[in-house]
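K.L.:
Structure, please.
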Amino acid sequence: MTSPESTPASHSGRGAPWLALALCAALAFAGWRGWRAWSAHDAETRRSVAEQADALGARLDALRGEQRAQSLRLQQAEATNRVLREELLGLGQRSALLEQTVETLAEPDRHGAQALFLDETALLLAMGQQRLQLAGDLDGARRAYAIAATLLERIDDPRLLDLRQALLQERNALDALGADPRVAALRGLAAFSAALPAAGEALPSDDARAPWWRRLLSRVVRVQPSNGAVATDAPDRLAARAGLDLELDLARIAAERRDAVAWREALDRAGLWLHRLWPESPRRRALDARLQALRAQPLALSVPVLGSTLQQLQALRAAH
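P.N.:
Below you'll find the model as predicted:
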């Protein structure tokens, strides 16, 4: 028979395992719950981190796009700045040129009126030189030089003293030329053509002053070189006169061109036709002498100092 004191102890010994088992189950449940909570928190954390990473990537893409746009804007701004710098440089250069021009016009020894007078003087000197060399217009050249001298006298500048002296020498050389030699040659040629007898007109020969027996024999026979025979037939005389007139026309054209070689050659051929038309006589010798005088006449104008004033003026303007 058991005592009452031993009954609770036995019941207490049988409840201890169940208590430990319950405690383990509670701990396991608590661990499971903690693991579940930690897993959920970890998944939430990972999801949040992934979302933040996606947002950060999108932000980085946006920043890269903004960076490219900013780089493009910087390039455009740099090109615009380059254009502006070039325009500013051009404006600066133009301003410097304008300032230099204003300073040049403001100089007391080279003001605008003086520059204008010098330009007109140079133009007149060039015109006078060209009219003399190209057209042979001596009077036109003299007028141009006279007007240039008048303009030069209106400039009160002591540095132009040598220029005035050179212009005076050039004008004196033009005045010393007298008439144009080409005009004188053409007039002499026209007078020679007018003095020629007609093709059928016979010139008095030297037989009138020959002895009576020579004059008597000359009616029967006439002796003359075969290579210098005078044309007697009417067709031959007409052809010879046409040849003479043609050579005189060629001489006139050569004089217009101031071609001295062609002038002399044409007059030499005209002399041959002259001998073909008329026999030896005082009048033919006079015509030969006039023809030789025309042949020796110059055609070109000779002015050694022509253009010296213009060259000196150009050198003076280039120096200042």
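K.L.:
Hmm, residue 284 and residue 196 touching each other?
P.N.:
No: Residue 196 is beyond contact range of residue 284, at 10.5 Å (criterion: CB atoms under 8 Å). Where you see a C-beta, it was placed from the backbone N, CA and C, and this is true even at glycine.
K.L.:
Need the residues touching each of those two.
P.N.:
With contacts defined as CB atoms under 8 Å, 6 or more residues apart in numbering, no residue is adjacent to both residue 196 and residue 284.
K.L.:
Now residue 171: closest residue in space, sequence neighbours ignored.
P.N.:
Taking CB to CB, 6 or more residues apart in numbering as the measure, residue 171 lies nearest to residue 145, with 5.1 Å between them; neighbours along the chain are not counted.
K.L.:
Next, count neighbours for residue 317.
P.N.:
13 (other CB atoms under 10 Å).
K.L.:
Residue 305 in helix, strand or coil?
P.N.:
Using DSSP: H, G, I helix; E, B strand; the rest coil as the criterion, the local structure at residue 305 reads coil.
K.L.:
Report the contact partners of it.
P.N.:
The neighbours of residue 305, taking CB under 8 Å, 6+ apart as the test, are 166, 169, 170, 173.
K.L.:
hmm, 10 Å instead?
P.N.:
Under the criterion of CB atoms under 10 Å, 6 or more residues apart in numbering, the neighbours of residue 305 are 166, 169, 170, 171, 172, 173, 174.
K.L.:
closest to residue 69 among those residues?
P.N.:
residue 166 (73.3 Å; CB to CB).
K.L.:
For residue 151, see how far away the residue nearest to residue 171 is.
P.N.:
To residue 151, residue 145 is 11 Å away according to CB to CB, to the nearest Å.
K.L.:
So which of these two has more stuff around it?
P.N.:
residue 145 (24 against 17).
K.L.:
Residue 79 sits in which helix or strand?
P.N.:
helix 6-106 (DSSP states H and E).
K.L.:
Also compute the angle for the helix or strand just after that helix relative to helix 6-106, please.
P.N.:
Toward the C-terminal end, the helix or strand that comes next after helix 6-106 (DSSP H and E) is helix 112-130. Computed by axes from the mean of the first three to the mean of the last three CA atoms, to 10 degrees, the angle separating helix 112-130 from helix 6-106 equals 60 degrees.
K.L.:
out of the contacts of residue 305, which are buried?
P.N.:
Applying 16 or more other CB atoms under 10 Å to those, the neighbour count classes 166, 170, 171, 173, 174 as buried.
K.L.:
Among those residues, which lie within helices?
P.N.:
Secondary structure assignment (DSSP state H) places 166, 170, 171, 173, 174 from those within helices.
K.L.:
ok, the residue nearest to the last one when sequence neighbours are not counted - contacts?
P.N.:
What it means is residue 174. Here the nearest residue to residue 174 in space, its sequence neighbours aside, is residue 142; by CB to CB, 6+ apart that works out to 5.4 Å. When contacts are counted by CB under 10 Å, 6+ apart, residue 142 is found next to 128, 131, 132, 171, 174, 175, 177.
K.L.:
Cool, thanks, talk later.
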